[in-house]
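Colleague: Okay, predicted coordinates and the sequence, questions at the end:
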Amino acid sequence: MQAVQFEESVANILMRDKRFDAHAYFFLKDALDFTLKRIAEKNAGQARHVSGPELLEGFRDFALDQFGPMASTLMREWGIRQCPDVGDMVFLLIEEQVFGKQESDNREDFAGTFDLEESLIRPFLPKRAEKQAKTDKSQTAKAAS
């Protein structure tokens, strides 16, 4: 897709849905390209459709690669706080006919895959803080049971 068409599609989305910053859509497009390239490298150079969980992993990895410790801050600034937010953006781009969709694709593919914000912060925590975060999360889960 040409850049001007993508920009127009993002502008159309932003007129009706202002949850996510325009930068988030451009980043998502780049993250999809990153994910497609990674899949092709693992698949003897052959491209194929990307599933929701695969796109989420690529999105996370690309964010970490591009922004390092600032990834979670930028995502929050752009309105992306959890995996379903990425799914919502994907489906808004599908509605604009920017991204393709298979019959089996749905928004639930992006739900509950992993904690996006935590996955963007954890690689930069000191080891002691990471162990404490795991302990705190375990104790919270036990208390909720």
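Modeller: Sure thing, it's come through.
Colleague: so where is the protein shaky, pLDDT-wise?
Modeller: Along the chain, segments meeting pLDDT under 70 span 1-2, 129-134, 141, 143-145.
Colleague: Give the buried residues for stretch 118-129.
Modeller: Ser119, Leu120, Ile121 (16 or more other C-beta atoms under 10 Å). For glycine as for every other residue, the C-beta is placed from the backbone atoms N, C-alpha and C.
Colleague: now do stretch 53-60
Modeller: Of the residues in stretch 53-60, those buried (16+ other C-beta under 10 Å) are Glu54, Leu55, Leu56, Glu57, Gly58, Phe59, Arg60.
Colleague: which helix is the longest one in this protein?
Modeller: helix 22-42 (DSSP state H).
Colleague: Now do Gln139: how many residues are near it, please.
Modeller: By other C-beta atoms under 10 Å, 10 other residues sit near Gln139.
Colleague: The buried residues of stretch 53-60 in helices, which ones?
Modeller: Glu54, Leu55, Leu56, Glu57, Gly58, Phe59, Arg60.
Colleague: Between these, which sits nearest Glu7?
Modeller: Phe59 (20.3 Å; C-beta to C-beta).
Colleague: Distance of that closest one relative to Glu103?
Modeller: Counting by C-beta to C-beta, to the nearest Å, the separation of Phe59 from Glu103 is 23 Å.
Colleague: And for Ala22?
Modeller: Ala22 is 30 Å from Glu103, by C-beta to C-beta.
Colleague: which one of those two has more residues nearby?
Modeller: Neighbour totals were compared for Ala22 and Glu103, and Ala22 leads with 13 against 5 (other C-beta under 10 Å).
Colleague: Grab the nearest non-local neighbour of the more buried one.
Modeller: Val10 (5.3 Å; C-beta to C-beta, 6 or more residues apart in numbering).
Colleague: between the buried residues of stretch 53-60, which is closest to Gln5?
Modeller: Proximity of these to Gln5 (C-beta to C-beta) peaks at Leu55, which lies at 20.7 Å.
Colleague: now the helix or strand hosting Ser9 against helix 22-42, angle please.
Modeller: Under the criterion of DSSP states H and E, Ser9 resides in helix 3-16. Put simply, helix 3-16 runs at 130 degrees to helix 22-42, going by axes from the mean of the first three to the mean of the last three C-alpha atoms, to 10 degrees.
Colleague: I appreciate the help and will end here.
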